[in-house]
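> model this:
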Amino acid sequence: MTLAEITAAVDAGKTVHWRTKSYTVRRGQGSSASNPATRYFICHDGGNCIGLTWSDGTTLNGKEIDFCLAD
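Residues are numbered from 1 along each chain as shown. Purely as a prediction, here's the structure:
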């Protein structure tokens, strides 16, 4: 999935996983006027989260092939 596909799916209320079902992409609270993509996070069931993208707001923290919609 591309960054645009991931963020659109999350905004539509769909569940997006990264690599395994233990990692879910979530939208954070607040906003980033300079780059809305930085509002999204990859979160583990254990509570740890990283940004969906690098600080540039366009480079994914992972490969596009590793993201998928939940069954």
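
> so where is this protein shaky, pLDDT-wise?
Within the chain, the ranges that satisfy pLDDT under 70 run 30-37.

> What does the closest residue to residue 15 other than its chain neighbours show for phi and psi?
Here the nearest residue to residue 15 in space, its sequence neighbours aside, is residue 70; by Cβ to Cβ, 6 or more residues apart in numbering that works out to 3.7 Å. All C-beta atoms are positioned from the backbone trio N, CA, C, and that covers glycine. Note on residue 70: backbone dihedrals following degrees, to the nearest 10 are phi -60, psi 150.

> Let me know how buried residue 70 is, in neighbour terms.
For residue 70, the neighbour count with other Cβ atoms under 10 Å is 10.

> The residue nearest the centre of the chain is in what secondary structure piece?
Within the chain, one residue has its C-alpha closest to the average C-alpha position: by Cα atoms, centre = their mean, that is residue 25, at 3.8 Å. Residue 25 is part of strand 20-27 when elements are defined by DSSP states H and E.

> other SSEs contacting that strand?
Using 3 or more Cβ pairs under 8 Å, 6 or more residues apart in numbering; DSSP states H and E, the elements in contact with strand 20-27 are helix 3-11, strand 16-18, strand 40-44.

> Ok, which of those comes nearest residue 54?
Between residue 54 and the helices and strands packed on strand 20-27, the shortest separation by Cβ to Cβ is 11.0 Å, and it involves helix 3-11.

> relative to strand 20-27, how tilted is the closest one?
Relative orientation of helix 3-11 with respect to strand 20-27: 90 degrees, computed using axes from the mean of the first three to the mean of the last three Cα atoms, to 10 degrees.

> hmm, who's touching helix 3-11?
Helix 3-11 is contacted by residues 1, 16, 25-27, 36-37, 40, 52-53, 58, 60, 67, 69 when judged by Cβ atoms under 8 Å, 6 or more residues apart in numbering.
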